[in-house]
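Asks: predicted model and sequence follow; I will ask about them next.
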Amino acid sequence: MKVFISGNIAPVGLKQLEENNITITQWKENRQITAEELIEACQDQNALISVGPNKLNAAFLNACSHLKVIALHSVGFDQVDVAAAKKLNIPIGNTPGVLSEATADTAFLLMLAVSRKAFFAYQKIIRGEWKKYEPSPELGIELNGKTLGIFGLGKIGLEMAKKCAAAYQMNVIYYNRSQNTTAEQEIGARYVSFEELLAQSDVLSVHTALTPETKNKFTFEVFSQMKSNAIFINTARGGIHNETDLIRALQEKVIWGAGLDVTNPEPMEKTNPLLYMENVAVLPHIGSATEETRAAMAKIIVQNIVAGLKGEPLPFEVK
Ligand code: DGY
């Protein structure tokens, strides 16, 4: 059996694929594979491990309907036309559960970095602008006792809330499709309307999937309903916020700062104004990029591939 991997996965995954006598072909170039190249590469393969934002739309799936299984190197599956895959009987696997802590760590890191303007301060050293001790350079703000608003309280949102409550005794409010009573008991979170979430959050952290309901949810009009000292954090998907509107909201001081691990588009252009703002921290989609999490994701991917190739139900299937 043969699998095409459109990027890299942790060594443990490659090893386990080989142990299962699966022949690996990998995309090794330092750029995302194009849609045409991906179709071409999959022609003589039995399975695909999709790494990165390859669009697995109806056109791709129809052109690769011979694939027995597609395993995503992500928990998110917004890049896949799941209905089209279902029609073609191609099972889609993802990697839920194992990346919640690492992704929440990234959200926490961004929150702290923004609140202390850390990325901007670091850039000043690089530019040779650290000339003397300065008691009042661009000042940060403290997080202790502030209100954390979670947009989408699933596993990752819950981890972020726990960290913020433990480290800074933050009050947690959240907005979700439905109330999460387990989380409420665990961390004392309070369920609020979207409008309340905007009005009360000192830090608003996005942890929802990208869906038609959440796409372009954070527009200038929405940012305008937030506190002027609020920090916006997005480690979920870049398509959930409108980047032009976010830039405007920051430039016009409608909100105080922003931390992004996801952008729209990805990769972000190096000329993007967000990269040069003092209250902004941007990372290149490294939310779950730890040794431990990548290894755990790779093991799940192998389980999905092996099951799919045998025609068995995937242990972690996108329904
Ligand atoms: C995920 O798992 O969805 C991460 O964002 C990587 O794409």
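Replies: Received it, and whenever you're ready, just let me know what you need.

Asks: would you point out which residue is most central in the protein?
Replies: When CA atoms, centre = their mean is applied to the chain, the residue found nearest the centroid is Ala236 (3.4 Å).

Asks: isn't that one up against Ala209?
Replies: Yes - assessed by CB atoms under 8 Å, Ala236 is found in contact with Ala209 at 7.1 Å. All C-beta atoms are positioned from the backbone trio N, CA, C, and that covers glycine.

Asks: give the residues shared as contacts by these two.
Replies: Residues touching both Ala236 and Ala209 by CB atoms under 8 Å, 6 or more residues apart in numbering: 76, 152.

Asks: Ala83: what's it in contact with?
Replies: Ala83 neighbours (CB under 8 Å, 6+ apart): none.

Asks: distance of it from Ala209?
Replies: 16 Å (CB to CB, to the nearest Å).

Asks: same question for Gln16.
Replies: When Gln16 is compared with Ala209 (using CB to CB), they lie 28 Å apart.

Asks: tell me where the stretch 101-250 of the chain has strands.
Replies: 147-151, 171-175, 190-191, 203-206, 231-234 (DSSP state E, counting those that start in this stretch).

Asks: need the ones you listed in JSON lines (columns: distance to the ligand and mean pLDDT).
Replies: Formatted as JSON lines, those follow (distance: least, CB to the nearest ligand atom, whole Å; pLDDT from 0 to 100):
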{"stretch": "strand 147-151", "distance to the ligand": "16", "mean pLDDT": "98"}
{"stretch": "strand 171-175", "distance to the ligand": "20", "mean pLDDT": "98"}
{"stretch": "strand 190-191", "distance to the ligand": "25", "mean pLDDT": "97"}
{"stretch": "strand 203-206", "distance to the ligand": "12", "mean pLDDT": "99"}
{"stretch": "strand 231-234", "distance to the ligand": "11", "mean pLDDT": "99"}
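
Asks: surely Leu298 is within a strand?
Replies: Careful, residue 298 is Ala and not Leu. No - Ala298 sits outside any strand when classified using DSSP: H, G, I helix; E, B strand; the rest coil, being helix.

Asks: and it, how far from Asn8?
Replies: Counting by CB to CB, the gap from Ala298 to Asn8 is 10 Å.
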